[in-house]
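[1] Structure for this input, please:
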Amino acid sequence: MSERRHRALHRFVEERASDSYRSAFYYEGDDWETLYVRDDVATNRLRHELPDLVERARSNQPLLREDDYPPLGELGATTEVHEDGAILHFPEGPDEGTIISLDRDVAHRLTGFVTEAMSILQTGELTAYQAATVDD
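    Residues are numbered from 1 along each chain as shown. Have a look, this model is predicted:
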């Protein structure tokens with residue numbers, strides 16, 4: 001079910017987020033696929049919660065729709081920042097998307113990270129345009 005672009009995204013996240021990369025999932029229609037789960041995150045509780053998490057991602061509604069305020073453009077990703085982690089949701093169509101979970105320490109570099117991840121999902125590789133990111 002996953003495509004070359006999802007494998008490319010996994011490699012990108014693995015390289016950029018390193019040990020902070022918690023998990024990644026791709027969903028399409030009623031199906032979903034695990035792209036990656038870090039060993040300490042691969043718990044029975046996560047397995048139990050995944051179907052509901054994916055269902056909530058499918059029904060995700062943006063705070064601001066493109067039609068409401070065209071200058072912002074199309075929604076590319078949403079982010080939830082929790083006490084111990086961040087969840088990125090990349091909707092790729094009306095019933096398709098990718099969910100990535102990272103440790104919270106990546107939040108200070110999040111905008112550049114999201115921009116590069118979106119370019120990989122759109123093209124299957126990093127494009128010539130890359131957002132500047134803050135190095136540690």
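
[2] I'd like the average pLDDT over stretch 119-133.
    Taken as a whole, stretch 119-133 has an average pLDDT of 65.

[3] err, stretch 10-18, not the other one
    The model assigns stretch 10-18 a mean pLDDT of 92.

[4] mind listing the strands in this structure by residue range?
    21-28, 31-37, 78-81, 85-93, 96-103 (DSSP state E).

[5] in the chain, what spans have low per-residue confidence?
    Low-confidence segments of the chain (pLDDT under 70): 1, 107-108, 111, 126-136.

[6] if we can go back for a sec, is it possible to get CSV of the strands of the chain that adds mean neighbour count and distance to Val13?
    Yep, even glycine has a C-beta here, placed from its N, CA and C like the rest. Shown next, in CSV, are these (neighbours: other Cβ atoms under 10 Å; distance: least, Cβ to Cβ, whole Å):
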stretch, mean neighbour count, distance to Val13
strand 21-28, 22, 5
strand 31-37, 16, 8
strand 78-81, 14, 14
strand 85-93, 18, 9
strand 96-103, 22, 6
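
[7] Tell me which of these lies nearest to Gln122.
    strand 85-93 (8.9 Å; Cβ to Cβ).

[8] what lines up beside the closest one in the sheet?
    Strand 85-93 sits in its sheet next to strand 78-81 (antiparallel), strand 96-103 (antiparallel), going by DSSP bridges.

[9] Roughly how far does the closest residue to Ile120 other than its chain neighbours sit from Arg65?
    Nearest non-adjacent residue to Ile120, counting by Cβ to Cβ, 6 or more residues apart in numbering: Leu9, 4.7 Å away. Between Leu9 and Arg65 the computed distance is 25 Å (Cβ to Cβ, to the nearest Å).

[10] Tell me which of the two has more neighbours.
    Leu9 (27 against 12; other Cβ atoms under 10 Å).

[11] Check the contact between the more buried one and Ala117; I expect there is one.
    Yes - counting by Cβ atoms under 8 Å, Ala117 is a contact partner of Leu9 at 6.1 Å.
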